[in-house]
Every structure is written in structure tokens, then in C-alpha cells.
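In: Structural data only, the sequence is not supplied:
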């Protein structure tokens, strides 16, 4: 035994005699993680969260979250002598006088954008592969909570510097709060500490941004990751993989080295962006004053679709009995997003209700093999993209010399028409891809080699695909739709006939598929 | 209710494929090379750290250098960031290259177990809960149950109450502005009173209510008070007689605060005489009393009744006759 081994052994013994950790650690270090590039999306989320904590802590050391008026006396000449809030002045100081301050600000902002983008990409991966199915519904809901917290945290974060752009964002936030029936104006006065812009919002938002929300994030992320750990990661179908096993590399050493290395790569790329790509140059916007605004005021991209919905809303208000209800704010900013997020959170349960499938699933779906779900996803993406395009309608109009009114009318109509079209096209595409899978299994791969037969006929040589590939293309399950006849097997009349009818219809739509190749068919082909 | 499986007989699972050995697995020279590559990547990371420290200490904050494509860049910020990026990136690359070329790549198979607990455990759990709950006998102790529910309900109220001092009650604050009968309109910025005769047709001026010399304006006032003055030819207007009476010699005054979400309606199009809000593109027609002709706003911009005082300066004849800015529940619209 070497001295190092002796020393490490002594340390391990010390811990184990107190915590009894050896058994658990042994199991954990042998834990297997399946490999796939798309499983890194969730990792990017977690790593950028760590980057946000580190860079954010650096920024708090100099940031002064106060709306107190100060006269700017810093080094940035164009704003010298101007009255502004201490929050804005200290952000200028961080940008121009603290060494590494601008770098950290830019890293923080880039990391926030990467965080949100990775959450969205991770969510789409989980959705399209059916990773949310039983037993992972809790983790899906936790993910939706993290996404929602991300919107809030991002909004609060870019609002803190109190520049002209972020102030406009807060003005809009206050209008949304104010639009709540009955409690709106009270809520707004309490939130801002008086009439907008008040005196209290920046310091309060700061506490929420650096303490409450990160705490909530930390708690939810911990549970999210622990559940992944406990339930074991899903895996894509492949040779040797079943619903009962998990195939991949153990934590020690390969996964640890890869995941640890990947953290530094994500951090490195974020630092590179912070070094070379300017983001949110607040010194160009000037301090916030409610009477002014700059043209082309845009929120960060992840809020852009909400802004786009607000922009396209019809000019509706109800005036009755001495009260006003602003539907033009409530519908796009609260009701529609509320419905979308609720449906999203409940989707795993909705799908299992439709399919009647209550089993555990650990093998992922290839998106083409579940055309209905994939089409629903494409439909939702289309909806959000149209809203996002409309959120940038002023930028589009000026850059491409288009009419803003036409973009707006396009969005207002397209948001109803294009998502269903996307649904239909995607479903067709999925079925076509299934058909091509079937052809590939039955007839093999086209080699591109043309051969002339003695008869003068030209044929292309097809090569059979590998056994592994054939397994991937045929191992998925194809279930028949639910059948719920009005009278069940025991001769009892079913309740809720209408609900059952709807369920059967949906189930039928969900199980549309091109029949996959069976073993018998394959055998027949081989004999020819 | 169970779905009939259309499951047809599947082909057999071919089993976990065997990976062909990597170069470093069979060739000692390739192994050596891979080791050197990993070391080189780690060394590059070290160079990045040194660059970071060099930039922090030795490059002053006000040096700018020209970089192709990017233009003039602050050297301190650029090299600090590049140093940090290299130091992190190559550390990660080194670790991953090590894992991919030299660490064992054989895949391991773990088994999964159904999460559902065994029937005995489930039964025992139910028993435990039942015993615990029946021991409390909540069903029989109605008095305790009732008083507990009531006190828990009351207990929920203080935390809400404790937040009461977050801000003042809105009162009539949202309905008022600083404009009073006789308040002079002054330019913003500049605080100069405006002679009606100085405004030419087509002129646009942003104004605020005059405040006594030396008083500071509150931001919460600036959030409600801004007024846009626009001078057109009187015959350009298509206004009701009351609204027309609120103009002065072709000069019309609107609240600059959007009736949708409170942004400053700052874009005026001279040709069409439209006001456009840059936030959500609500468009108001000045000639028709800032009527909404496009976008999500539901109400015209409130119009300020203006006239001139004895010296010829523009003044408000009356305060706004409706609240300015975004709607709220208590807003009583005619």
C-alpha cells in the first residue's frame, strides 16, 4: 500500500465510521449515465446557473440597489453631471471603474440568456422524446416551475440597473399589475412603494433577485437533479437497451470527467461571449425618466413572445358600474400565458389519459413514432414564434422596410391559422418518416451504386442495414387506440358518455401510425 | 378500458454492441500522444490564467486597441475576458479529451426496478398512518378540530397584514396629475414657458406643468404629467365642439402617457399626424382627438384643456378631466 492510499484510506475511514457512507457511495459511483448529446442540454442549464451565482455574487459587491438620487461624477463623460439613481450610477461604475466589472456584467447577462435558452431546449427535448412519462411527471412539473421562475428572475435582473430601457419594462410591469381587477392598484402601490416608479421597487426587486428566487432555484434544482439520480436517466432505444436496464458510462471516472469538463467548457464559452460580445450597454440608454423612451424598446428574447402577444391584442376594455377591466392587458399578459403554462404542466397526465397508458417508461420515443405529440409540439413552437416575431415587429419593420401594421395584422391572423397548419404538416412528416424507416428495414440502404444487368436493365444496389439499426427502427411499440364501448365488458353502462367519446377520438388520433416491420415480414424478405 | 396492444412479434434485441478499440487502446504510441495532447490542453488553460492576471494588473482601463471586425475594443476588458475564457475552456477540453481517449470506454449495464413499493410495505404504511390518525381521534374531538381550524385561519392573516406598510394606499393618486387651472405649460427640458405665437404649424413640444423656482420634480409626477403640444391648422381638426373648444388656435395638448401601458408616446409622424407609442405600437390620430386607429390601446390619449394667459403664455384652463395612463379597476370612464 502506498502512502497516498494509506492517507486516503484513513480519511475514508474517518468519514465512514461517522456517516456509514461507504455502501451508498459505492452504489452511487457505479451509477450509470446513458450518453446522448441531447442529455447535455439540462447540464448546460445547471452549469449556467452556477455561473450566474458566481458572477452575480461578484456584481453585488459593488452594486447599490437604491433609487436615491445622485449626481454622476464617474469617468463616463457623456453622462457626467446628470441626476440618476444610485442603482444606475453604481452599474456605470461597475462597467467603467471596477476591473473585470464589465466582463462580469456581460458574463452574467450572457449566462442568463444561455440559461433560459438551455431550459427551453431541454424542455423541448424532454417533450419530444416523451421523457416526461410515468414515473417522471413530478420532474416535468418541477421543470415548468423552473422555467416560470426563470422568466421572473430574468425580468428582475435586467430591470435592476434602472436605465431608460429597463425602466420602460418596469412601467409595463406596473401596468400589468395595475390591470388586476379589484386589487390591481393596491398591489401596484404596495409593490412600488407608492405611485410608479415609487421609491421601493429596485431595492425590493434586488432582494428577490439575489436571495429569494436563487434560493427557490437552488431548492427546486436540487430536487430536480436528485429525482433524475434516484429514478435513473432515461435512454434512447438501441441495441442492448430495454425498459428494465440502463446502459452507459459509470459516474467514476468517465461521466465525472466529461460532465466536469463540460462545466468548464460552458463557463469558458460564456466568458468568451462576455469578453467579445457587448450585451446590454446601459450607458447608451441613459438614466430612467418616465417621460422619455427610446424607439425600438425590446425586452430580452425570452419575454419577447409575451410582449408580442400584448402588441397583437385587440383594443378591448370593459367599462361598467364605475369600473374598468383591461382585457387588452389581461388576456395577452396573464390569461393566455396562464392557460399555456397550466396545460404544459398537466400535459403528462393529459397524454396518459388519452392513451390509457399507465406503465413506467424509461426508453425514449423517437419523435416520429408519436406523430400526435410531435405535431402538438410543433404547433406550440409555431405559436410562440409568431408571438416572438410580433414582439420584434418594430425592429423588423425598420430593418426590412415593412409596414408595422401589416406585420401586426399578419401576426393576429397567423397566430390562429399557422399553428394548426404546423400540426398537420408535422403529423404528415412523422408518418412519412415512419414509412421511410419501414422501407429502410425492408429494402436496406441505398448505396448509390448502379449496376447494369445482363438484360440491359439498371438497378441500384441496396445494402441491408445493421442488426443494431434494424432494432432501433423496429423496437418501438405501436398501441391500438382505446376502446370504450357504451357498455363495458361486465355489461354495465359506462358513465360520462360524452367524455368517453372525446377520449376515444383523441386516442384514435394519437395512435395513427405506419405499421412497423414485424419479424415475420423480415424473415419473408430474407428468404427471397 | 385497457388498450388492446397491436404488438406484433418483434425482432430480437441484438444486445449491447462491442466498441472497436480506440487507437490509444492498442497502440502505445497513440496512447503517449493522447497523454501529451491532454497535457497540452491543460497547459493552454494555464496560459489563459496567466493572461488574465497580466491583464488585470498591467493593462490600464483606458487603453483601446483596434481589432478587425470588432472595431475599437477596450484592451483591459478584452484580454481579461479572453484569459478567463481560455483558462476555463481548455481546462474543460483537457478533461474531456482525457475521458474520451484514455479512460475505459466499456459501457456498464445497471438494472432498473419498478418504483412501486412492495404490497407489504404499502399495507404497513397504511396501517401506520391509520394508527397514528385514530390515536389522535380528531373525528371525536369536535371542539379541538373547530378551534384548530379557526386559529389556523386567523394565523394566516397576520403575515398578510404585516406587509401593509409596503406602500401607501392608492387613494385618488392614480386619478390626479399636477395640472391645475392656470398652470403654465413649460418645455421639457428647459422649463421655459411657451408663447402660443411662437409655435409654428407642425411644431411639437414636450411640456410639463410649471413648478415654482427651485422645486424638484418627483419621478412619480413625471410619470403622469408630460403633455405633448402639437400645432396644426385649425381646419385640420375633426373634433367634437367640446374637444375643439379645448384647443387654442390650432394648438392641441395630449397626455404623453400611453393609455395602454403607460409608456411615453414619443413618436409623431408629421405627414399623417399620427402619434405612435414605441412600446406596443398603439397609434393615435391627432386630428381626431388622439383616437386609437391601430394597436392594443383602447382609449384615446386624454386631452388637456388649454388657453393663454394675459401675457400670451400657454396655460391649462382646467386639470385633465379623466385619469391619465393605463387603466385600473377603480377608473370610472364615461
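Out: Arrived safely. Not measured: the values here are computed from a predicted model. Numbers count the residues shown, from 1 in each chain, chains lettered A, B, ... in the order given.
In: Tell me, what's the model's pLDDT at residue 261?
Out: Defaulting to chain A. pLDDT for residue A:261: 95.
In: Please refer instead to chain B.
Out: Reading off the model, residue B:261 has pLDDT 93.
In: now swap in residue A:305 and tell me
Out: Value listed for residue A:305 in the pLDDT field: 94.
In: near chain A, which residues of the stretch 201-334 of chain B?
Out: Selection of the stretch 201-334 of chain B residues close to chain A by CB under 8 Å from any CB of the partner chain yields B:206, B:208, B:219-220, B:222-226, B:256-257, B:260-264, B:266-267, B:278-282, B:292, B:294-299, B:325-333. Heads up, the C-betas are built off the backbone N, CA and C, glycines and all.
In: Can you flag which of those belong to helices?
Out: B:219-220, B:222 (DSSP state H).
In: Out of the residues you listed, flag the one nearest to residue A:489.
Out: Proximity of those to residue A:489 (CB to CB) peaks at residue B:220, which lies at 70.3 Å.
In: Just to check, that closest one is in contact with residue A:193?
Out: No: look at residue B:220 against residue A:193 with CB atoms under 8 Å: they stay out of range, at 10.1 Å.
In: okay, now the residue of chain B found nearest chain A: neighbour count?
Out: Residue of chain B nearest chain A, by CB to the nearest CB: residue B:81 (2.2 Å). Number of residues near residue B:81 (other CB atoms under 10 Å in any protein chain shown) recorded here: 28.
In: likewise the one 10 residues further on?
Out: Residue B:91: 24 surrounding residues under other CB under 10 Å.
In: Helix, strand, or coil at it?
Out: What DSSP: H, G, I helix; E, B strand; the rest coil gives for residue B:91 is helix.
In: What of the one 4 residues further on?
Out: Taken by three-state DSSP, the conformation at residue B:95 corresponds to helix.
In: ok, for it, nearest residue in space, not its chain neighbours?
Out: residue A:261 (3.1 Å; CB to CB, 6 or more residues apart in numbering or on different chains).
In: quick one: contacts for the one you found?
Out: Contact partners of residue A:261, counting by CB atoms under 8 Å, 6 or more residues apart in numbering or on different chains, are B:91-96, B:98-99.
In: Could you chop the chain up by domain?
Out: This is for chain A. Per automatic domain parsing, the structural domains of chain A span A:38-285, A:431-526.
In: sorry, should have said chain B
Out: Split by automatic domain parsing, chain B gives B:3-109+B:120-166, B:173-316.
In: hmm, back to that, buried subset of the contacts of residue A:261?
Out: Neighbour counting with 16 or more other CB atoms under 10 Å in any protein chain shown marks B:91-96, B:98-99 as buried within those.
In: Take the residues you listed and lay them out in TSV including distance to residue A:235 and pLDDT.
Out: Shown next, in TSV, are those (distance: CB to CB, whole Å; pLDDT from 0 to 100):
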residue	distance to residue A:235	pLDDT
B:91	29	96
B:92	25	97
B:93	26	97
B:94	28	97
B:95	24	96
B:96	21	95
B:98	24	95
B:99	19	93
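In: For the residue lying closest to residue A:333 once chain neighbours are set aside, I want the exact helix or strand it lies within.
Out: Computed as CB to CB, 6+ apart, the closest residue to residue A:333 that is not its neighbour in sequence is residue A:176, at 4.9 Å. Per DSSP states H and E: residue A:176 is located in helix A:164-178.
In: Run the angle between the following helix or strand past that helix and helix A:164-178 for me.
Out: Next helix or strand after helix A:164-178 toward the C-terminus (DSSP H and E): helix A:184-192. With axes from the mean of the first three to the mean of the last three CA atoms, to 10 degrees defining the directions, helix A:184-192 sits at 140 degrees from helix A:164-178.
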